[in-house]
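> dropping a prediction and its sequence here:
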Amino acid sequence: MFAGTTMLLAAAAEAAEKVAESGALPPESVGLPQLNTHHFAPQLFWLVLTFVTLLFVMWKIALPRVADVLEERRDRIKRDLDAASRLKGDTDKALADYEKALADARSNASGIAKDTREKLAAETETERHRVDDQIAAKLREADKRIAATKSKATSAIGDIATDTARAVVEKLIGQNVSSDDVKKVLRPVAGE
């Protein structure tokens, strides 16, 4: 490709020289002005002048602005990193405070539950003692009634046995026996 371009430029220069030699145009107006050797000196002057001007504009105007933008970005990034670090510290502190408060609440709840259990156990124990005392009192009362009923029944057994023995003797013998006689006979048996 480079060779083709070189050949094309060489052919254009050759055609320009032929036109210049024929005298139809002055040599400086033939062909491309940037390829005409008569125009190299003014072109180089304007090239240098334009380059120096562009360099000066870049050095005094554009590059300081770019430097300012870069400096501001660096400062903004530093501020953002500092803010993020501060916020991370605040977040860590808040998290530690939250965990401490949560642990305190758990221990407080555990203490309250323990106190409540102990209080309920004491109330239950007191109530159990009261009920046990009531039951013991009722048992004593029932034992007294049973003893009274037993002694009453025991005394009644003697009378019933006397009446039954009188009735049996009366049926068997056909005679009427007195209660005192039956009691005298039954007394040694009751003692056995």
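That came through fine.
> when you work out contacts or count neighbours from here on, use the C-alpha atoms and nothing else.
OK.
> where does the chain have low pLDDT?
Residue ranges of the chain with pLDDT under 70: 16, 19-34, 36-37, 39, 187-192.
> helices or strands up against the longest helix seen in it?
Using DSSP state H, we find that the single longest helix of the chain is helix 63-173. With contacts taken as 3 or more C-alpha pairs under 8 Å, 6 or more residues apart in numbering; DSSP states H and E, helix 63-173 sits against helix 179-191.
> pop the domain breakdown of this protein in here.
1-35, 154-191 (automatic domain parsing).
> hmm, back to that, run the chain-centre distance for the longest helix of the chain.
A distance of 28 Å separates the centroid of the chain from that of helix 63-173, by C-alpha atoms, centre = their mean, to the nearest Å.
> how near is the residue most central in space within the chain to residue 89?
Among the residues of the chain, the one closest to the centroid is residue 99, at 10.5 Å (C-alpha atoms, centre = their mean). With distances taken as C-alpha to C-alpha, to the nearest Å, residue 99 is found 15 Å from residue 89.
> got it, and residue 74?
Using C-alpha to C-alpha, residue 74 is found at 22 Å from residue 89.
> cool, residue 133 as well?
Taking C-alpha to C-alpha as the measure, residue 133 falls 65 Å from residue 89.
> repeat for residue 17
Distance, residue 17 to residue 89, by C-alpha to C-alpha: 81 Å.
> more neighbours: which of the two?
residue 17 (15 against 12; other C-alpha atoms under 10 Å).
> check which helix or strand covers that one.
Residue 17 belongs to helix 2-22 when assigned by DSSP states H and E.
> next structured bit after that helix?
Next helix or strand after helix 2-22 toward the C-terminus (DSSP H and E): helix 40-57.
> what angle sits between that following helix and helix 63-173?
On the basis of axes from the mean of the first three to the mean of the last three C-alpha atoms, to 10 degrees, helix 40-57 is oriented at 40 degrees to helix 63-173.
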